[in-house]
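Asker: dropping the sequence and predicted coords here.
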Amino acid sequence: MTCFTGDMNNPNALGKKMLSHQNGGAYGWFGASGVGWTINDYLLLEKIHGRLFGDHNFSESIGKLINQSKVEYFFENTIWPEIALSQLFQFNLLGDPALTIQNYNSAEAVLGNYSIHSDSKLNLNINNSNIDSLMIQWLDQDYLPLTGKTLTNETQIDLPDNVDSTRIRLVGVYKDENNHNNQFSLSVQVDDTFIEIKDVSPEFPVIGDSVSFTAHIGALENITRVECWVDSIFYTNMIEERESEYILENKIFTSPALSNFMVNVKVFTSDSIFTWSSSVFIKTVSELDVRPIFIGLPTSSKVGLSNLCINKSNGFGLYRMSLDVQWDQDTIYTPLYHDSSYINPYEQITREIELPLRSGNHRFRVSIENYRKILQDTTYNFDTTLLINRFLITPAHGTTENLITNDTIQYNSLNLHVDPDIVTENEVLFIDQIDTININRQNSLMPILGVNDLQPIRIHLSKDIKWESFWHLNNKFDEDTLLFEFNNELKLWKPVAGIWINNKFLFNGVGSIDIAWMQSNDNTPPILEATIDGQRLTRGAYIGTEPEIRIYLRDESGIDLANTKYFKNGYSWNTEGDVDINQNGHLTSITLTPNLSLNDRSISFITSDIMGNISDTLDLKFFVTEDMEIFDYGNFPNPFSNQTIFSYELTRTVDDFYLTVYTVDGRKIKEFKNSVFNDRLNYSGYHEISWDGRDDWGDEVANGIYFYKYTFKYEDKKFSSIGKVGRSK
């Protein structure tokens, strides 16, 4: 808030003027922050002030009025355009921008006398026989309150106390028989001559109009002449039309040179004394100047066009807009749409026109006709070429370009078709060009970009609607160039399943999809690894009858699960019901939980990626045992000098696994168990544990014979195995 705006002690402060405006009150408090040069602060707030409290007969939200005021301020600020631009961005509003200004109907009200003595009463006559809830208030000549609001049913109104020799104003609001609000505003002169300019016509004059008004003159006798002065220069005489009312002998003709002007009435009496009225400022507006500045596709989910126009004048009124199209291959324009609309001063209007459009590139033209009273009517055109990318799908017609027939719609070289009866309500199909492709570490792929007919495309549907499509090309591509689709679950580009018929690639889809033509040089097969019960399997290891076999696959193009084969003991193996598959981008894991017999000796696995590269065979060989066993392979070397390795094999994953080293008298000197550094010692399979000959306290043990013991638990049963180890340095 700047001091110029908010200083209520300053008689010219805009905040004070807003509060004391003749139409009353303030809907919010306004101010400028940052770059708040006084003159620009004034120019901007003056526009807002005029729109909020000026004479108008339409209701609009504060937010819209402020935006219109900003545009008007910007267009008319030719002295400091840089500051004007800054003001637009730094201007703040406190209040509800959606609040609509309530405009009351103007009521016809007259007074018995407009020039009265301070001790008189005022007789009020309202041209309405049914008045309810009449609320009145007295204001001073600056439109600030002299009294509070009073509810009355009387027609004789008391003057405020302690008022003499001044102009005061009575304002009132009441409801009529239709429950509509009506307002009036009347001024009176206390203990002095009353002269008032009223009934300015037209209410909103346009440059070129002839302006007239009425002068009401009270408490003057022997009037000999009444004159109209414009901008302090005599303009014309005024003649008496009825008692106390005078009209112009010659109307005031407005022009660009006389657009905004001040009028006064000068009254002469027979005693050669003259009296001036208060000044009234009359402002004219320019003729309407509405121009189209944009036409394009809607930003919303609608089928049709969007156009933007702007009123570059401070005039207002009706303009006529028409939309024409020159269809691809046509030489003439065809009318599509026309309508008339009302526009405010400096207002911008965006209109979305819903209508079906044909596939292709078409030239669209918006024409705006300005209806004018004085100047010649003017038409402005704006045209552009648009590639249509949105179409309707209806229950009756499927994809349609005219809401009459079922059509195959086209976007560049892509053709798409939805049959009738596929949807139950109207849907919108969007097709857009994709400018950049993220291949997500699929380094063997090279998207084809920059070729108009091969640009990547996004098909967008809000529902999973089945569609058929074909891409029409000049030639069929070689095997290294394929159409890919992006799989959102795997975050991978995968080839689209389809067939070539001559130079058309036919394929189907469901719902939304991103598709792109790419060249692929992926010749690398998938990499396979496996674990059994969490351990890497050594050839000939022991496993249980119900092992968990997990196969890990890595490939930049992803795994073709339909081309994955399983074998057991060299024969094809049906794993249905025993397989759990998890895919995450380049990584895939396959978990098998088979029931094996004692005669099973091997499981094999082979697959390929989606580009057809076949992997090596992953061959797992093992022995199956039904019992929980530990195979203690002893330690090597034994005896040892600096280090020895204990090796063992478990046929099951067990609990509470320990390897403990004792002296011959049974004292524990070293213990190995599952920990951060010795994880999975309890898993099934082959293991090795290294010992450097130091005890749990870090001291080297002496030469001699020691015992080691494996202990563990399986299904609540305890197992153990004991052996000897010798130290010799």
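Answerer: All right, it came through fine.
Asker: name the element Arg652 belongs to?
Answerer: Assessed by DSSP states H and E, Arg652 sits outside every helix and strand.
Asker: the residue lying closest to Gln326 once chain neighbours are set aside in helix, strand or coil?
Answerer: Leaving aside its chain neighbours, Gln326 sits nearest to Arg363 (4.1 Å; criterion: Cβ to Cβ, 6 or more residues apart in numbering). All C-beta atoms are positioned from the backbone trio N, CA, C, and that covers glycine. The three-state label given to Arg363 by DSSP: H, G, I helix; E, B strand; the rest coil is strand.
Asker: what's the burial count for Arg363?
Answerer: By the criterion of other Cβ atoms under 10 Å, Arg363 has 15 neighbours.
Asker: what of Asp199?
Answerer: Residues contacting Asp199 under the criterion other Cβ under 10 Å number 13.
Asker: count of neighbours near the nearest residue to it once chain neighbours are set aside?
Answerer: Spatial nearest neighbour of Asp199, excluding adjacent residues (Cβ to Cβ, 6+ apart): Thr214 at 4.4 Å. With neighbours defined by other Cβ under 10 Å, the count for Thr214 comes to 18.
Asker: now Thr214: phi and psi?
Answerer: When read as degrees, to the nearest 10, the backbone of Thr214 gives phi -110, psi 140.
Asker: please tell me how far it sits from Leu248.
Answerer: From Thr214 over to Leu248 the distance is 9 Å, taken as Cβ to Cβ, to the nearest Å.
Asker: do Tyr143 as well
Answerer: Between Tyr143 and Leu248 the computed distance is 27 Å (Cβ to Cβ).
Asker: which one's more surrounded, those two?
Answerer: Shown here are Tyr143 and Leu248; by other Cβ under 10 Å, Leu248 has more neighbours (21 against 17).
Asker: the more buried one contacts Ser210, correct?
Answerer: No: using Cβ atoms under 8 Å, Leu248 is not in contact with Ser210, being 9.3 Å away.
Asker: follow-up on the earlier one: so what's the residue nearest to Gln326 up against?
Answerer: Residues near Arg363 by Cβ atoms under 8 Å, 6 or more residues apart in numbering: Val325, Gln326, Asp383, Thr384, Thr385.
Asker: domains for this structure, by residue range?
Answerer: 3-94, 105-190, 194-283, 290-388, 392-520, 527-613, 630-727 (automatic domain parsing).
Asker: pLDDT (mean, whole number) over the first one?
Answerer: Mean pLDDT, taken over the full extent of domain 3-94, equals 64.
Asker: what about Asn40, distance to Ala84?
Answerer: Distance of Asn40 to Ala84, computed by Cβ to Cβ: 6 Å.
Asker: common neighbours of the two, please.
Answerer: Asn77.
Asker: bridged to the residue nearest to Gln326, which residues?
Answerer: When bridges are called by DSSP bridges, Arg363 pairs up with Gln326, Thr385.
Asker: my guess is Ile83 meets Asn40, correct?
Answerer: Yes: contact criterion Cβ under 8 Å: Ile83 and Asn40 qualify, at 5.0 Å.
Asker: residues that sit against both of the two, list them.
Answerer: Taking Cβ under 8 Å, 6+ apart as the contact rule, Ile83 and Asn40 both touch Asn77.
Asker: and Glu241, helix, strand or coil?
Answerer: With three-state DSSP as the basis, Glu241 sits in strand.
Asker: ok, for it, nearest residue in space, not its chain neighbours?
Answerer: Leaving aside its sequence neighbours, Glu241 sits nearest to Ile247 (Cβ to Cβ, 6+ apart; 4.8 Å).
Asker: what of Lys670?
Answerer: Closest residue in space to Lys670, ignoring its immediate chain neighbours: Val661 at 4.1 Å, by Cβ to Cβ, 6+ apart.
Asker: what are the buried residues along the strand or helix carrying that neighbour?
Answerer: Element membership for Val661, per DSSP H and E: strand 655-662. Neighbour-count burial for strand 655-662 flags Phe657, Leu659, Thr660, Val661, Tyr662 (criterion: 16 or more other Cβ atoms under 10 Å).
Asker: strands of the stretch 451-600 of the chain, residue ranges please.
Answerer: Under the criterion DSSP state E, counting those that start in this stretch, strands of the stretch 451-600 of the chain are mapped to 457-460, 466-472, 481-487, 492-495, 498-501, 504-510, 513-520, 527-532, 541-543, 549-554, 565-568, 571-572, 579-584, 587-592.
Asker: tell me the first helix or strand C-terminal of the last one.
Answerer: Beyond strand 587-592 in the direction of the C-terminus, DSSP H and E gives the next helix or strand as strand 602-606.
Asker: which elements pack onto the next helix or strand after that next one?
Answerer: Where DSSP H and E defines the elements, the next helix or strand beyond strand 602-606 is strand 618-624. Strand 618-624 sits against strand 527-532, strand 541-543, strand 602-606, with contacts defined as 3 or more Cβ pairs under 8 Å, 6 or more residues apart in numbering; DSSP states H and E.
Asker: CSV for those strands, including mean pLDDT, distance to Asp377 and mean neighbour count?
Answerer: CSV is the format used below for the helices and strands packed on strand 618-624 (pLDDT from 0 to 100; distance: least, Cβ to Cβ, whole Å; neighbours: other Cβ atoms under 10 Å):
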stretch, mean pLDDT, distance to Asp377, mean neighbour count
strand 527-532, 90, 77, 16
strand 541-543, 83, 94, 21
strand 602-606, 92, 81, 20
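Asker: wait, which of those is closest to Glu489?
Answerer: Shortest distance between Glu489 and the helices and strands packed on strand 618-624, using Cβ to Cβ, is found for strand 527-532: 21.6 Å.
Asker: the closest one vs strand 549-554, what angle?
Answerer: Using axes from the mean of the first three to the mean of the last three Cα atoms, to 10 degrees, the inter-axis angle of strand 527-532 relative to strand 549-554 is 160 degrees.
Asker: which elements pack onto strand 527-532?
Answerer: Using 3+ Cβ pairs under 8 Å, 6+ apart: strand 527-532 touches strand 549-554, strand 618-624.
Asker: please redo it, this time with the cut-off set to 10 Å
Answerer: In terms of contacts (3 or more Cβ pairs under 10 Å, 6 or more residues apart in numbering; DSSP states H and E), strand 527-532 is packed against strand 549-554, strand 587-592, strand 602-606, strand 618-624.
Asker: count the residues that sit near Ala562.
Answerer: Other residues near Ala562 come to 8 when the count uses other Cβ under 10 Å.
Asker: surely it is in contact with Ser608?
Answerer: Yes: counting by Cβ atoms under 10 Å, Ser608 is a contact partner of Ala562 at 9.5 Å.
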